[in-house]
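Chemist: build me a structure from this.
(2 chains)
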Amino acid sequence: DGGITQSPKYLFRKEGQNVTLSCEQNLNHDAMYWYRQDPGQGLRLIYYSQIVNDFQKGDIAEGYSVSREKKESFPLTVTSAQKNPTAFYLCASSLSAGSYGYTFGSGTRLTVV
Amino acid sequence: SQELEQSPQSLIVQEGKNLTINCTSSKTLYGLYWYKQKYGEGLIFLMMLQKGGEEKSHEKITAKLDEKKQQSSLHITASQPSHAGIYLCGADNGGSGGSNYKLTFGKGTLLTVNP
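Modeler: Next up, the predicted model:
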């Protein structure tokens, strides 16, 4: 079945360490997105990519980095510069930028200990 | 940037009751999306509205977009415990202002349905 896979579902990180969240899709979608969700804040856009080897900052990109070397993959690295990294992270994809609707992964809950 | 305001923030209803969730935009909506989320899980697409006055239904859920395309409502008839979750509206910015297409989301409405 086609879809988006995020792994791991739960992730614990020591303060000061970088950590990478995986996002893989087999939908042949061109565009991919990373959102962060905090209680009472809704979804906030971190980074997005419309095509391979290209990505743009979203509204809260500081302390995060991404790469888009393959169409299927859009990993997100949470760096030690991110001051409040504990959150629920959601990856999404769409057929193309401006196409209708996103497909979401099941999310990764990151906890900094 | 486009802002979406959802109301109410949370809602508790008795099973069998009808309810409505609203989503208001600060700008004209090019596309309005409704999603449902179970706690700790991803978002499930419900419906998308584009045209002023448009209305769509799926099972007991109906979504409407007003004529001015700045407000949408989600109505659930005869609610069931399976309807419980977080409902989020998302708006397509239409690539306006030279920016790339992206969805902006409201903060969500937490729905609890008591049996």
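Chemist: can you give me the neighbour number for A:E69?
Modeler: 10 (other Cβ atoms under 10 Å in any protein chain shown). (Glycine included, C-beta is placed from N, CA and C.)
Chemist: least confident secondary structure element in chain B?
Modeler: strand B:103-105 (a mean of 87; mean pLDDT, DSSP states H and E).
Chemist: tell me how far it lies from the chain's centre.
Modeler: 11 Å (Cα atoms, centre = their mean, to the nearest Å).
Chemist: partners of that strand, with directions?
Modeler: strand B:85-92 (antiparallel) (DSSP bridges).
Chemist: may I have the partner strand as PDB, with CA atoms only?
Modeler: Presented in PDB, the C-alpha positions along strand B:85-92 are these (Å, rounded to 0.1, in the frame of the first residue of the first chain):
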ATOM      1  CA  GLY B  85     -10.600  13.500  18.100                       C
ATOM      2  CA  ILE B  86      -9.000  16.700  17.000                       C
ATOM      3  CA  TYR B  87     -10.500  18.500  13.900                       C
ATOM      4  CA  LEU B  88      -8.200  20.800  12.000                       C
ATOM      5  CA  CYS B  89      -8.900  23.100   9.200                       C
ATOM      6  CA  GLY B  90      -6.100  23.900   6.700                       C
ATOM      7  CA  ALA B  91      -6.000  26.600   4.100                       C
ATOM      8  CA  ASP B  92      -4.200  26.700   0.800                       C
END
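Chemist: pLDDT averaged over that strand, what's the number?
Modeler: For strand B:85-92, mean pLDDT is 92.
Chemist: secondary structure element holding the nearest residue to A:F74 once chain neighbours are set aside?
Modeler: In space, and not counting its chain neighbours, A:F74 is closest to A:M32: 4.0 Å by Cβ to Cβ, 6 or more residues apart in numbering or on different chains. Using DSSP states H and E, A:M32 falls within strand A:31-38.
Chemist: can you list the buried residues in that strand?
Modeler: A:A31, A:M32, A:Y33, A:W34, A:Y35, A:R36, A:Q37 (16 or more other Cβ atoms under 10 Å in any protein chain shown).
Chemist: and chain A, which of its residues are near chain B?
Modeler: A:4, A:6, A:31, A:33, A:35, A:40-43, A:45, A:48, A:50, A:56, A:58-59, A:88, A:90, A:92, A:97-98, A:100-107, A:109 (Cβ under 8 Å from any Cβ of the partner chain).
Chemist: tell me the SS of the closest residue to B:L29 other than its chain neighbours?
Modeler: Excluding the flanking residues, the one nearest B:L29 by Cβ to Cβ, 6+ apart is B:K69, at 4.6 Å. For B:K69, the assignment made with DSSP: H, G, I helix; E, B strand; the rest coil gives coil.
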